[in-house]
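A.B. asks: okay, sequence plus prediction incoming.
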Amino acid sequence: MHFGKRSGIFGACECSRTGGSTLGEIRIFNLPTEHKEQEIRIYYNTLFRAWGRQHWWPARSPFEVVVGAYLTQNTAWTNVEKAMVNLRQTRVLSVAGIRRIPLRTLQRLIRPAGYFRQKARRLKLFVKFLDHRYAGSLARMFAQPTTALREELLALNGIGPETADSILLYAGNHPVFVVDAYTRRVLGRHQILPEDSSYEQVRELFEGGLASVAESATDFPPHEQRRQTTGGSAHPPSTMSTTKRSSLVQVYNEMHGLIVGVGKNYCRKSQARCDQCPLREFLPSR
């Protein structure tokens, strides 16, 4: 199997691979790291050209991002939006609001997001952590070094790597890449990494691959709309999605949103729509 020349902001590249058999798949999964990172750069370039800015995370404040990161666990974003509307209309979508609202009332408001009892307790726990450790200030919390703060977040009940990194990247503008099930599925089907690869292995691959993209990236227009009406996972511009970030943080931000667009619209768990996907030319032949 042969991947033809591909060009973009990274220049042209040419990769020749053997595939189609079990042996071929093993060879593909064991490509040198620099080849895998090059694939990530090509995917970013292809998707960004197709869809433009995705305007993630849609929120009005950093705390809204934190709440959304908790609520989106094991549910669709449409359900999260319903819960967020409830919180906003009740005027409790803030650190002070979550602190003062009775637990049962909070459970009722976020019920549309599912697992509402568990998520309500965890939101209360996060505010207690913020009060105890940072005097209730998200700004103080996000001023901490990335690695140290990530460890603190991971130590909290209900925060795994994906939630911690979503909070760090989208609310705190820390340079960490967010890995989700869509990311693993795309890598597995493109035979870059097995779908059951560890979170950290996938994160390190994307961070290594995208570092040079950020170095050569031009400024991102703050209110650029999506470039086509179908595909992608773009949201309307929001206060948080248009905040000023470093190029590295912005590239991580965009790539996660772009991968969600691939997974949600094309690389589905069942009934994949590969023929219509912008990444179709990079699929291994069967």
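C.D. replies: Looks like it came in fine.

A.B. asks: what about T90, how many neighbours?
C.D. replies: T90 is flanked by 14 other residues according to other CB atoms under 10 Å. Heads up, the C-betas are built off the backbone N, CA and C, glycines and all.

A.B. asks: could you find the closest non-adjacent residue to it?
C.D. replies: The spatial neighbour of T90 that comes closest, neighbours along the chain excluded (CB to CB, 6 or more residues apart in numbering), is L109 at 6.1 Å.

A.B. asks: and that neighbour, what does it touch?
C.D. replies: 83, 86-87, 90, 92, 101 (CB atoms under 8 Å, 6 or more residues apart in numbering).

A.B. asks: got the residue ranges for the strands in the stretch 1-150 of the chain?
C.D. replies: Assigned by DSSP state E, counting those that start in this stretch, the strands in the stretch 1-150 of the chain fall at 2-6, 13-16.

A.B. asks: got any ranges where the protein has weak pLDDT?
C.D. replies: Counting by pLDDT under 70, the chain contains low-confidence ranges at 1-28, 217-230, 285-286.

A.B. asks: how does it look with 80?
C.D. replies: Applying pLDDT under 80 to the chain picks out residues 1-31, 216-231, 285-286.

A.B. asks: dump the residue contacts of the most centrally placed residue in it.
C.D. replies: In the chain, the centroid-proximal residue (CA atoms, centre = their mean) is H256; its distance is 3.7 Å. Contacts for H256 (CB under 8 Å, 6+ apart) come out as 56, 169, 177-178, 180, 183.

A.B. asks: look up how far G114 lies from it.
C.D. replies: 22 Å (CB to CB, to the nearest Å).

A.B. asks: let me see the ranges of the helices in the chain.
C.D. replies: With DSSP state H as the criterion, the chain has helices at 22-29, 33-51, 62-71, 77-89, 95-100, 103-109, 116-134, 138-142, 146-154, 161-166, 181-189, 199-216, 247-265.

A.B. asks: need these in JSON lines (columns: distance to C277).
C.D. replies: Converted to JSON lines, the helices of the chain look like this (distance: least, CB to CB, whole Å):
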{"stretch": "helix 22-29", "distance to C277": "18"}
{"stretch": "helix 33-51", "distance to C277": "10"}
{"stretch": "helix 62-71", "distance to C277": "27"}
{"stretch": "helix 77-89", "distance to C277": "21"}
{"stretch": "helix 95-100", "distance to C277": "40"}
{"stretch": "helix 103-109", "distance to C277": "38"}
{"stretch": "helix 116-134", "distance to C277": "33"}
{"stretch": "helix 138-142", "distance to C277": "35"}
{"stretch": "helix 146-154", "distance to C277": "32"}
{"stretch": "helix 161-166", "distance to C277": "23"}
{"stretch": "helix 181-189", "distance to C277": "9"}
{"stretch": "helix 199-216", "distance to C277": "19"}
{"stretch": "helix 247-265", "distance to C277": "6"}
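
A.B. asks: quick one, which of these gets closest to C274.
C.D. replies: Nearest of the helices of the chain to C274, taken as CB to CB: helix 181-189 at 8.2 Å.

A.B. asks: re the thing from before, just the helices of the chain: most buried one?
C.D. replies: Ranked by mean neighbour count under mean count of other CB atoms under 10 Å, those are led by helix 62-71, which reaches a mean of 24.
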